[in-house]
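In: Need the 3D shape of this:
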Amino acid sequence: MSARAIADVVFGRAPLTIADLCAVAHGRARARLDADPAYRAHLEASRASLERQLAAGRVIYGVTTGVGESCENEVAREHAEAFSTNLFRFHGVGTGAVFGEVETAAVLAARLASLARGHSGVRPVVLERIVELLEHRILPRIPSEGSVGASGDLTPLSYVAAVIAGEREVMFRGEVMPAAQALERCGLAPLPLRSKEALAIMNGTSMMTGLAGLAFERAFRLGRLAAALSATASDVMRGNASHFDERIFAVKPHPGSQVVAAWMREDLDYGPRDAGPAAGRVQDRYSIRCAPQVIGVLFDALAMFRPMLETEINSVNDNPIIDAEKDDVLHGGNFYGGHVAFAMDGLKAAVANVADLLDRQMALLCNPMTNNGLPGDLVAGEGAARLSHHGFKAMQITASALTAEALKLTMPASVFSRSTESHNQDKVSMGSIAARDCHRVLELSETVAIVELLALCQAVDLRGPATCRGRSRQLHRAVRAHVPAIDADRRQDVDIARTLERYRADELPIGAIDLPS
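Out: Residues are numbered from 1 along each chain as shown. Next up, the predicted model:
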């Protein structure tokens, strides 16, 4: 994977972006720890301060005390390292599906970014080990369930701590194997975690933050696809392109709507010939006419959430925090994932609204009462034989079902705070659940978009590509390179899967898109 990397992302004092985190997660860039001697001295100072305070008899949560409601228990100095090992062992209680490689790498990158701020009291070798895990793609098998997102993502991140210490399982070069075996293949020995180090790895928001960064990137790309599909839907249903005239958006200048309208004008080759009502119906139905206003909310939400997420990426979000300059330890609650939870709850609602928009467009497209002259269900063919075929009837049902599920998941996770762990964790963020929900909503919404894309390509066939605008023709050519037109009823699940795969590989001409850097 590292051989394909095109850049280095340096983890240290300089702030990182969502794009940096995603580049490392996808293997487009390599993680590197800042090699500046002054920065390395800063890391060493944090650990040295912790050691001095321990030597002076300072009470430090999770080091000389138990954790959570057990914080009144005293842990003797001679048991500190065993306590650190026990911490990740007893949190090995994750359930559910295991994260994929990209998601796991995003979690590692997010945890590295936080520890690299140099206020967590861990040795530099721990940070270097996370860099090595990313470099060799030795990726912990992290179950996706089991975090309430308040005292950090304790259970999911325990799988990171365990792998560093050579325990549990990893995905390595396409195989599931014991962590110690993968480390050995790369010439690495298990790294025993000293006092506070397991706690520092586990007691943070890095699972939800890593997932949130990936969700941000996915949602941005989905918004551009939705704009291209909306333009194509307007085109094939012979809608009124003047709905997207720049002057309309100048007098209600939400930036997201302005961007989407500009994309749609470009996709429709909008020009003077379009600057008036179309023949027939003067105003299109809302799912066409209001597409920039609907999709624009998504982009404005992303702009709002970006600083929240990047602050979280660059934060020290464990407990306690080491102030090496004053030789002090600070006990607090930076592990609370409320900002990420709010962003993910909001983002999944904006994304699901886009899915609902595309589903409504799909319904218009399949209905001869609303599609302006196309056959019902986009059935091709002539004569009596065509009456025995059903075209996109079932595809429209599938789009509706997926959309309903996406909309159902928009209930905010953060409002379901639970009191756990003997009422010590009595207000929790549910940020990890919000982030997982957001990814599920994105998965469903992307699939709705691809179902509509296939239907739009059928409509281009029925209209004749030469009669359609630029984006319609481009998308049609790309899809027809791997999916034939529907001339007779056949299964289309393979068409959906193949086209979705091409979309996620960035192989469809959805239009130029500049992800925020």
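In: give the contact list for the residue nearest the centre of the chain.
Out: Closest residue to the average C-alpha location of the chain: Ala215 at 1.8 Å, with C-alpha atoms, centre = their mean. Residues in contact with Ala215 (C-beta atoms under 8 Å, 6 or more residues apart in numbering) are 344, 347, 435, 438-439, 442. (C-beta placed from N, C-alpha, C; glycine too.)
In: distance between the helix or strand encompassing it and the chain's centre?
Out: Using DSSP states H and E, Ala215 sits within helix 206-236. From the chain centre to the centre of helix 206-236 is a distance of 10 Å (C-alpha atoms, centre = their mean, to the nearest Å).
In: Tell me which helix or strand comes right after it.
Out: Beyond helix 206-236 toward the C-terminal end (DSSP H and E), the next one is helix 246-250.
In: Between helix 206-236 and the longest helix anywhere in the chain, find me the angle.
Out: Longest helix in the chain, counting residues (DSSP state H): helix 431-463. Angle of helix 431-463 versus helix 206-236, following axes from the mean of the first three to the mean of the last three C-alpha atoms, to 10 degrees, is 20 degrees.
In: Please spell out which residues along helix 431-463 are buried.
Out: Within helix 431-463, the residues scored as buried using 16 or more other C-beta atoms under 10 Å are 431-439, 441-442, 444-463.
In: Check stretch 378-394 too.
Out: 378-379, 389, 391-392.
In: if we can go back for a sec, what's the average pLDDT for the helix holding Ala215?
Out: In this model, helix 206-236 has an average pLDDT of 98.
In: Now do the helix or strand bottoming out on mean pLDDT in the chain: distance to the chain's middle.
Out: Least confident element among the helices and strands of the chain, by mean pLDDT, DSSP states H and E: helix 80-90 (a mean of 86). Its chain's C-alpha centre and that of helix 80-90 lie 31 Å apart, by C-alpha atoms, centre = their mean.
In: From the contact counts, what lies against it?
Out: helix 154-164, helix 197-202 (3 or more C-beta pairs under 8 Å, 6 or more residues apart in numbering; DSSP states H and E).
In: Need the three-state assignment for the nearest residue to Pro509 once chain neighbours are set aside.
Out: Counting by C-beta to C-beta, 6 or more residues apart in numbering, the nearest residue to Pro509 once its immediate chain neighbours are dropped is Gln474, at 4.4 Å. Using DSSP: H, G, I helix; E, B strand; the rest coil, the structure places Gln474 in helix.
In: residues near Gln474, how many?
Out: Using other C-beta atoms under 10 Å, the number of residues around Gln474 comes to 18.
In: Asp489 belongs to a helix?
Out: No. Using three-state DSSP, the assignment for Asp489 is coil, not a helix.
In: gap between it and Arg498?
Out: Going from Asp489 to Arg498 by C-beta to C-beta, to the nearest Å gives 18 Å.
In: how close does Ala165 sit to Leu157?
Out: To Leu157, Ala165 is 13 Å away according to C-beta to C-beta.
In: So for those two, which residue has more residues nearby?
Out: Leu157 (30 against 23).
In: Per-residue pLDDT of that one, please?
Out: 97.
In: Near the nearest residue to it once chain neighbours are set aside, how many other residues are there?
Out: Counting by C-beta to C-beta, 6+ apart, Leu157 lies nearest to Met202, which is 4.3 Å off, once chain neighbours are set aside. Residues within reach of Met202, counting by other C-beta under 10 Å, total 28.
In: which residues sit in contact with Met202?
Out: So Met202 contacts 87-88, 91, 152-154, 157-158, 160-161 (C-beta under 8 Å, 6+ apart).
In: from those residues, which two are the most distant?
Out: Leu87 and Asp153 (13.9 Å; C-beta to C-beta).
In: Give me the more crowded residue out of the two.
Out: Set side by side, Leu87 and Asp153 show more neighbours around Asp153, with 33 against 23, by other C-beta under 10 Å.
In: can you pull the contacts of that one?
Out: Asp153 sits in contact with 147, 202, 204-208, 337, 432, where contact means C-beta under 8 Å, 6+ apart.
In: for the residues you listed, which one is nearest Ala189?
Out: Among the contacts of Asp153, and counting by C-beta to C-beta, the member closest to Ala189 is Met202, at 21.4 Å.
In: Let me know the pLDDT of the closest one.
Out: 94.
In: Chain neighbours aside, what residue packs nearest to Arg265?
Out: The nearest residue in space to Arg265 (C-beta to C-beta, 6+ apart) is Phe244, at 5.2 Å.
In: and the gap between the one you found and Ala291?
Out: Phe244 is 8 Å from Ala291, by C-beta to C-beta.
In: Quickly list what's touching both of these two.
Out: Met264.
In: returning to that earlier point: just name the closest of the contacts of Ala215 to Ala478, please.
Out: Leu442 (21.5 Å).
In: how near is that closest one to Asp493?
Out: Leu442 is 20 Å from Asp493, by C-beta to C-beta.
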